[in-house]
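J.: give me a 3D structure for the following:
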Amino acid sequence: NSSTLRGRIEFHSGETYTGDCISKDISGQFTLLRHGTGSYKSPNGLITYKGDWVLDKKHGTGEMKRLSARYRGQFVDDLVDGTGILEESTGEIYEGSFSHGVRSGLGTQKYANGDSYEGGWQDNCRHGQGALISKNGSKYEGKNFGLHVFFSFLPSFFLSFFFVF
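T.: You can find the predicted model right below:
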């Protein structure tokens, strides 16, 4: 048994949500779940999300911002999953596939120094067929570059944000 509502929820932690939600009777207890389209804001305003929600999880298309980065694309069960664009405050941009919160599949990484990589990714590592292209146009094509991509944004962002609710 549930009913659909639209409004603003203010959590004890200081987080806010404005948008669609449903009220559910779970074991005799009234519960509000974010469901539909809405906007989330962390207590200090440093993390925001605007997009689709399903049963209190980011699910569908949305945009998430934080001081160090912005992601626009698909979410599944509170995780970045599907295709999207990750723009970092360093000027680096990744456009492509994500799986369970990390780069996985095909994508293009543009680095702040002007170089880029186009090709396969697995667990945030360049993996499989791909090409490294320098800012002067030199190109190296091959397999299994195996260079791990470490950005301060990804581990802390996904671990601290996607599992907070």
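J.: how about the strands in the chain?
T.: 2-10, 16-26, 29-41, 48-54, 57-66, 69-76, 79-88, 93-99, 102-110, 116-122, 125-133, 139-143 (DSSP state E).
J.: per-residue pLDDT, the residue located most distally from the centre of the chain?
T.: In terms of distance from the mean C-alpha position of the chain, residue 28 ranks first, at 34.3 Å (CA atoms, centre = their mean). On the pLDDT scale, residue 28 is placed at 77.
J.: can you check the one 10 residues further on too?
T.: In the prediction, the pLDDT value recorded for residue 38 is 97.
J.: doesn't residue 20 make contact with it?
T.: Yes: because the distance of 5.7 Å satisfies CB atoms under 8 Å, residue 38 is recorded as touching residue 20. All C-beta spots, glycine's among them, are computed from the backbone N, C-alpha and C.
J.: out of those two, which sits in the busier spot?
T.: It is residue 38, of residue 38 and residue 20, that has more neighbours when counted by other CB atoms under 10 Å, with 22 against 17.
J.: ok, what's across the strand from the more buried one?
T.: Going by DSSP bridges, residue 38 is paired in beta bridges with residue 19, residue 51.
J.: could you do residue 84 as well?
T.: residue 73, residue 96.
J.: who touches the spatially closest residue to residue 5 that is not a sequence neighbour in this structure?
T.: Once flanking residues are discounted, residue 5 sits nearest to residue 21: 5.3 Å by CB to CB, 6 or more residues apart in numbering. Taking CB atoms under 8 Å, 6 or more residues apart in numbering, we find residue 21 in contact with 4, 5, 6, 7, 9, 32, 33, 34, 35, 36, 38.
J.: which of those sit farthest apart?
T.: The two members of the contacts of residue 21 with the most space between them (CB to CB) are 4 and 9, at 14.1 Å.
J.: who's more crowded, these two?
T.: Counted by other CB under 10 Å, residue 4 and residue 9 do not tie: residue 9 has more neighbours, with 16 against 10.
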